[in-house]
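Participant: Quick one, structure for this:
(2 chains)
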Protein chains: 2
Amino acid sequence: MDKRRELAELVKPLSDDLTSGAAEIALRAISVFQTMIAGCERDNADVVRDLLRQTARALVNAQPAMAPVFHLGNSVLLATRDTKDGGQTIDACNEALARFEKRLCESAALIADQVIKLIPPGELIFAFSFSSTVVSSLLAARATGKFFRVVCTEARPSMEGRKLAGVLAAGGIEVIHTFDSAFGLILPNCRAAFMGCDCVGLPGIVNKVGSWSLAVACRELSVPLYALSGTEKFINDDHFFEFERHERPGHEVWPDPPKGVRVLNHQFEIVPFSLLSGLVTEQGVLQEEDIKVHVSSLEVHESMTLEGSTVG
Amino acid sequence: MDKRRELAELVKPLSDDLTSGAAEIALRAISVFQTMIAGCERDNADVVRDLLRQTARALVNAQPAMAPVFHLGNSVLLATRDTKDGGQTIDACNEALARFEKRLCESAALIADQVIKLIPPGELIFAFSFSSTVVSSLLAARATGKFFRVVCTEARPSMEGRKLAGVLAAGGIEVIHTFDSAFGLILPNCRAAFMGCDCVGLPGIVNKVGSWSLAVACRELSVPLYALSGTEKFINDDHFFEFERHERPGHEVWPDPPKGVRVLNHQFEIVPFSLLSGLVTEQGVLQEEDIKVHVSSLEVHESMTLEGSTVG
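Facilitator: Below you'll find the model as predicted:
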C-alpha cells in the first residue's frame, strides 16, 4: 500500500509535466525506477518484479504517447525476467537503467552531430514545441561557433515554446518568438525547420498538436522539415495508438467557457512521413522505408502489452 | 485643438479593439463621424471638410487593414467634395454615412442568404477569428431551423475566437472550441470552413494571421474554405499594402520575454485566391477574375491617397 502511494507521488509530476519532451521525461522516469527499488527488500525476486511491473505501467500511463518511457519500462522488465533472487533482480534493473540512460545521451550527441550539418550558416531556422533533443542539437551547433537565429512559437496551450525560447536565448542563440498560427508569416524566412517527437511508428511520427499544421505549411513553402528522434522512440503498431487516449482537461485551454461551448484539448497528433524531409536518428537520417526494419525487430515484455499496460 | 483631442479620444477605442471584425468597426466609425460633425459650426464648408478629412485619416490610421473604414472615409470625402456651405457639407456627410450603413447591413443580409446554402445540414463546420459577417450568416442559418455545429479556435493573441464561440453558443449553435494549432485534428471532421476578411485586393484577401495556415490545411484536407466579404472591402493595389504597417506590441503575445528573445506580433496576412473555394459577396460567390472588375472602377478622394492618409 505504502509503495503504491509512493509510486503515485513520484509519477504525478511526470504526468503533470506538459512542457518537457519525451527524452527528458524518460531520464526522469529512470529516477522513479531508482527511487522505487532503492528501499526494496532484496530477498524475493517476485516482489521486486511486481514492483517493477507496477512502476513501468504507471509511467506508461502517465505519458502514453512518449515511446522512450515505454521502452525504458520494457527494457527493465525484459532484463529482470529470468533473475533468480531479489538482489539479482535489483542489480539487473540498475544495469538496464544505466544502459538506457547511456543510450539516450549517446543518441542525443549523435543526432546533434547530424543536425549541425543541416543548419545553413547565418540563416533563420524554425523549431517547434519543446524537445530536449532539438535543444541539445541547436546548442551544440551554436557551441561550434556557427551563427544562426531561431524562430519558435508558443505551443498553446502549455506554452512550452516559451521554455524553448528561454533555453535557446540563455545559450547565446538569437530567438524570435510569436504565436502558433503565424506559420505563414515566419516560415517564408526560414531555411529549415526542426521538431522533436514522442513516438515513431509505421503510420508516421507522433508529436505535439500543431506539428501537422507546421508540416503542411513547410511543404507548401518548400522549407525542409526534420524530426529528431533516437531509435528508442520507435514503436510497433500495437502500441502506436496509445497516444489517442491522451486528452487533457478542456479548462487548460479555456478555464471558464460559456454554456454550449465544449472545449477540446488533445495533446498529440500524427505527422505522416510524406510531410517530412527526414527523420534524424543516431543511425543517420532515415526515411519511411527504414522504419519498418527497426519496428519489426522490437521485443515487448508481456506486461507491456496493451491489456497489461492498463492500470488495474 | 479641442476637436483634435475629441477625435483622438473617439478613435482610440477602435484602434485598441483587437477582437471585432472590419464591418463591425466600420459601423462604429460611422458614429465617430456623426459625433464629430454634430457640434460642428455650419457656416464654413472648408472648416467642415477639413474636419471630415482629419476624421477619415484618423480612422484609417486606427485600422489600416480594414477596407470598409477606408471606404467609409472615402465616401464621405467624395460626397462632400463640391458642397457650397457648411450646412450642405454636413447634410451630404450625413447622407453618405446613412448610405454606407445601409450598404453594410444589406451586404450582410445578402451574404447570409448565400452562406445558408453552403452549410451542409447536420454537419460540423469551421469558423475562424471573429467576423460580424460570419456571425450574422451563421445565426441567420440557425434561425431558419437548420442544424449544424461549429468548431472555432482561440485566435491568439487577442482570443477573439472565444468571443465568436460565446456569441454563437448564445445564439443556440453547438460550439466546439480548441487552440489554433489543432487544425489537423479538427478540420478532417469539418465539411466546410468560413472566415471573414478585412480587405480584398488583386493579391488576395487580407485577414487575421492564421488565415493562411487555415487555408493551406483546408486545401490539404479538401475542406472547402469560403471568405465572406461585402464589396465594400474591395480595394486597389495603392491601398492594399497598408496593413503591413500594422504590427502590434510584442508584449501582447508575451508580457515578459527573457533577454535575447524578440517577440513578433503581426496582425494580418494575405491569403491568395488560389487557396479559397470562393469569396461570398452580396453580389454572389466571386472568383479571382471577378475582383479585377470591381477594383478597377474604384474612385479614391485625393486626401485618401497613401501620402494623404499619413497622419501629419
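Participant: could you pull out the helices for the stretch 201-312 of chain A?
Facilitator: Using DSSP state H, counting those that start in this stretch, the helices of the stretch 201-312 of chain A run over residues A:211-220, A:237-240, A:288-296.
Participant: Worst mean pLDDT among the ones you listed?
Facilitator: Mean pLDDT per stretch puts helix A:237-240 lowest among these, at a mean of 74.
Participant: of the helices of the stretch 201-312 of chain A, which approaches B:Lys292 most closely?
Facilitator: Closest to B:Lys292 of the helices of the stretch 201-312 of chain A, according to CB to CB: helix A:211-220, at 25.2 Å. C-beta: built from backbone N, CA, C; applies to glycine.
Participant: The closest one to helix B:211-220, inter-axis angle?
Facilitator: Here helix A:211-220 points in a direction 90 degrees away from that of helix B:211-220 (axes from the mean of the first three to the mean of the last three CA atoms, to 10 degrees).
Participant: what comes into contact with helix A:211-220?
Facilitator: Helix A:211-220 is contacted by residues A:126, A:128-129, A:180, A:183-184, A:187, A:193, A:195, A:197, A:205, A:223-225, A:269-271, A:275-276, B:181, B:183-185, B:213, B:216-217, B:220 when judged by CB atoms under 8 Å, 6 or more residues apart in numbering or on different chains.
Participant: So which of the helices of the stretch 201-312 of chain A is nearest B:Cys40?
Facilitator: Between B:Cys40 and the helices of the stretch 201-312 of chain A, the tightest spacing by CB to CB is seen for helix A:211-220, at 50.5 Å.
Participant: then that closest one to PDB, C-alphas only?
Facilitator: Taking Å, rounded to 0.1, in the frame of the first residue of the first chain, the C-alpha atoms of helix A:211-220 are listed here in PDB:
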ATOM      1  CA  SER A 211       3.100  19.500 -35.800                       C
ATOM      2  CA  TRP A 212       0.800  18.600 -38.700                       C
ATOM      3  CA  SER A 213       0.000  22.200 -39.400                       C
ATOM      4  CA  LEU A 214       3.700  23.000 -39.300                       C
ATOM      5  CA  ALA A 215       4.500  20.200 -41.700                       C
ATOM      6  CA  VAL A 216       1.800  21.100 -44.200                       C
ATOM      7  CA  ALA A 217       3.000  24.800 -44.100                       C
ATOM      8  CA  CYS A 218       6.600  23.700 -44.500                       C
ATOM      9  CA  ARG A 219       5.800  21.600 -47.600                       C
ATOM     10  CA  GLU A 220       3.700  24.500 -49.100                       C
END
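Participant: Which helix or strand in chain A has the lowest average pLDDT?
Facilitator: Across the helices and strands of chain A, mean pLDDT, DSSP states H and E gives its lowest value to helix A:237-240, namely a mean of 74.
Participant: buried stuff in it?
Facilitator: Buried residues in helix A:237-240, defined by neighbour count with 16 or more other CB atoms under 10 Å in any protein chain shown: A:239-240.
Participant: How far away from the center of its chain is that helix?
Facilitator: Centroid displacement of helix A:237-240 relative to its chain, using CA atoms, centre = their mean, to the nearest Å, is 16 Å.
Participant: So which residues make contact with it?
Facilitator: Contacts with helix A:237-240, where a contact means CB under 8 Å, 6+ apart, come from A:67, A:70, A:199, A:201-203, A:206, A:295, A:300, A:304-306.
Participant: for the biggest helix by length in chain A, packing partners?
Facilitator: Secondary structure assigned by DSSP state H gives helix A:86-118 as the longest helix of chain A. Where contact means 3 or more CB pairs under 8 Å, 6 or more residues apart in numbering or on different chains; DSSP states H and E, helix A:86-118 is packed against helix A:22-38, helix A:45-62, helix A:67-79, helix A:132-143, strand A:192-195, strand A:225-228, strand A:278-281.
Participant: ok so, going back, tell me the most buried of the helices of the stretch 201-312 of chain A?
Facilitator: Comparing the helices of the stretch 201-312 of chain A by mean neighbour count (mean count of other CB atoms under 10 Å in any protein chain shown), helix A:211-220 comes out on top with a mean of 24.
Participant: do you know how far A:Ala141 is from chain B?
Facilitator: Distance of A:Ala141 to chain B, given as CB to the nearest CB, to the nearest Å: 16 Å.
Participant: Can you say which of the helices of the stretch 201-312 of chain A is nearest to A:Arg42?
Facilitator: It's helix A:237-240; of the helices of the stretch 201-312 of chain A, that one is closest to A:Arg42 (CB to CB) at 31.8 Å.
Participant: ok, is stretch A:10-18 in contact with chain B or not?
Facilitator: No. Counting by CB under 8 Å from any CB of the partner chain, chain B is not contacted by stretch A:10-18; separation bottoms out at 12.6 Å.
Participant: buried ones in that stretch?
Facilitator: Using 16+ other CB under 10 Å as the test for burial, stretch A:10-18 gives A:10-11, A:14, A:17.
Participant: Return the closest of those residues with respect to B:Cys93.
Facilitator: Checking the buried residues of stretch A:10-18 against B:Cys93 with CB to CB, the nearest one is A:Asp17 at 60.7 Å.
Participant: which residues does that closest one contact?
Facilitator: A:Ile25.
Participant: Now it, what are its backbone angles?
Facilitator: Dihedral pair for A:Asp17: phi -80, psi 110, per degrees, to the nearest 10.
Participant: Distance check, it against A:Met66.
Facilitator: Computed as CB to CB, to the nearest Å, the A:Asp17 to A:Met66 distance reads 10 Å.
Participant: Please enumerate the shared neighbours of the two.
Facilitator: A:Ile25.
Participant: isn't A:Gly122 right next to A:Phe147, touching?
Facilitator: Yes. With contact defined as CB atoms under 8 Å, A:Gly122 and A:Phe147 form a contacting pair (5.8 Å).
Participant: More neighbours: the two, which one.
Facilitator: A:Phe147 (13 against 10; other CB atoms under 10 Å in any protein chain shown).
Participant: who are the neighbours in contact with the more buried one?
Facilitator: Per CB under 8 Å, 6+ apart, neighbours of A:Phe147: A:121-122.
Participant: Nearest residue to the residue nearest in space to the middle of chain A in space, please, no chain neighbours.
Facilitator: For chain A, the residue nearest the mean C-alpha position is A:Ala22 (2.0 Å; CA atoms, centre = their mean). Once flanking residues are discounted, A:Ala22 sits nearest to A:Met66: 3.9 Å by CB to CB, 6 or more residues apart in numbering or on different chains.
Participant: Having no further points to raise, I will conclude here.
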